[in-house]
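Peer 1: Sequence and predicted structure are below.
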Amino acid sequence: LACGSALRSGSGLVYALVDEIGIPIIQTSLPEAMCLPHGNYDWNHFDAIALGPGWGILNRILVLKDILDKYNRPMVIDADGINLLSNHPDLIQHLPKNSILTPHIGEFQRLVGPSADYFERIELAGKFACDNGLILVLKGPNTLIALPDGRRLYNSSGTKFMATGGSGDVLTGMIASFLGMGYSPENAAICGVFQHGLAGEISGKKKGRSLIASDLIDAISETYSALSIS
């Protein structure tokens, strides 16, 4: 899902780092993606890196540390990437500044701590972004983008039908695609979140409660048309 959305968002080449057993699955479901087995890589060869979706947390910490040791540009971290940071909070300070974290509420509370309500989560998200020099995208209705300079932006696009498994993975791929195309981390987060919600609105009108995450990918091209972007 993340690879597919990155490709649909405009990335020319997208690589998927997977265990060898997963290569046939990726190549069959998305032949346009280039598969990489786990190994030693020059991570700076890549214009952008997103990690976490579908990753698991077993035997991943060494890969994460290797990337953090060698890659010095902002990256996108979601799902099990965030869960790894929650289990190893000392690594947060080693993240490249302006990296973009995209937790849902459960992942957010594991990473930042418990909160009583939405208003407390806003404060915690803002403090986390400022304290660590990171961009935090708290997913949900009117997704919050907390920036390291203290600003907090709220997204206006989206639909309730996007509350389905895999929707966040699509967002991860979109933001990573914009990063790789040269958008600043701030603009990559803003554009990714807004167009992700717009894709949900477009596909939601057609699918309603039947919407699934891959429908969002199919609607990405229509978001460019709606925004008059070629």
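Peer 2: Good, I have the coordinates.
Peer 1: Just the element for the spatially most central residue of the chain, please.
Peer 2: With distances taken as C-alpha atoms, centre = their mean, the residue of the chain nearest its centroid is residue 172 (2.2 Å). When elements are assigned from DSSP states H and E, residue 172 belongs to helix 167-180.
Peer 1: Could you point out the helix or strand that follows that helix?
Peer 2: According to DSSP H and E, the helix or strand after helix 167-180 is helix 185-207.
Peer 1: Tell me which other helices or strands that next one touches.
Peer 2: Where contact means 3 or more C-beta pairs under 8 Å, 6 or more residues apart in numbering; DSSP states H and E, helix 185-207 is packed against strand 100-101, strand 135-138, strand 144-146, helix 167-180, helix 213-226. (Each C-beta comes from the backbone N, C-alpha and C, glycine too.)
Peer 1: Can you check which of those gets nearest to residue 34?
Peer 2: helix 167-180 (13.6 Å; C-beta to C-beta).
Peer 1: what packs against the closest one?
Peer 2: helix 2-9, strand 50-51, strand 76-77, helix 79-87, helix 185-207, helix 213-226.
Peer 1: and the residue nearest to residue 9 when sequence neighbours are not counted, what does it touch?
Peer 2: Of all residues not flanking residue 9 in the chain, residue 177 sits nearest, at 3.7 Å (C-beta to C-beta, 6 or more residues apart in numbering). Contact partners of residue 177, counting by C-beta atoms under 8 Å, 6 or more residues apart in numbering, are 5, 6, 7, 9, 10, 11, 14, 48, 192.
Peer 1: Of those, keep whichever come out buried.
Peer 2: 5, 6, 7, 9, 11, 14, 48, 192 (16 or more other C-beta atoms under 10 Å).
Peer 1: how near is the residue nearest to the first one when sequence neighbours are not counted to residue 29?
Peer 2: Beyond its immediate neighbours in the sequence, the residue positioned closest to residue 5 (C-beta to C-beta, 6+ apart) is residue 173, lying 3.4 Å away. Distance from residue 173 to residue 29, counting by C-beta to C-beta, to the nearest Å: 14 Å.
Peer 1: out of those two, which sits in the more crowded spot?
Peer 2: A direct count of neighbours by other C-beta atoms under 10 Å for residue 173 and residue 29 places residue 173 higher, at 28 against 12.
Peer 1: Could you tell me how many residues sit around residue 33?
Peer 2: 19.
Peer 1: actually residue 8, not the one I wrote
Peer 2: Counted with other C-beta under 10 Å, residue 8 comes out at 23.
Peer 1: Also residue 100?
Peer 2: 27.
Peer 1: again with residue 136
Peer 2: Residue 136, neighbours per other C-beta under 10 Å, totals 27.
Peer 1: what does residue 205 give?
Peer 2: With other C-beta under 10 Å as criterion, residue 205 counts 12.
Peer 1: Tell me how far it lies from residue 161.
Peer 2: Distance from residue 205 to residue 161, by C-beta to C-beta: 9 Å.
Peer 1: Determine the three-state secondary structure at residue 140.
Peer 2: With DSSP: H, G, I helix; E, B strand; the rest coil as the basis, residue 140 sits in coil.
Peer 1: Name all residues that make contact with the closest residue to it other than its chain neighbours.
Peer 2: Counting by C-beta to C-beta, 6+ apart, residue 105 is the residue found nearest to residue 140 once chain neighbours are left out, at 6.3 Å. Neighbouring residues of residue 105 by C-beta under 8 Å, 6+ apart: 121, 138, 139, 140.
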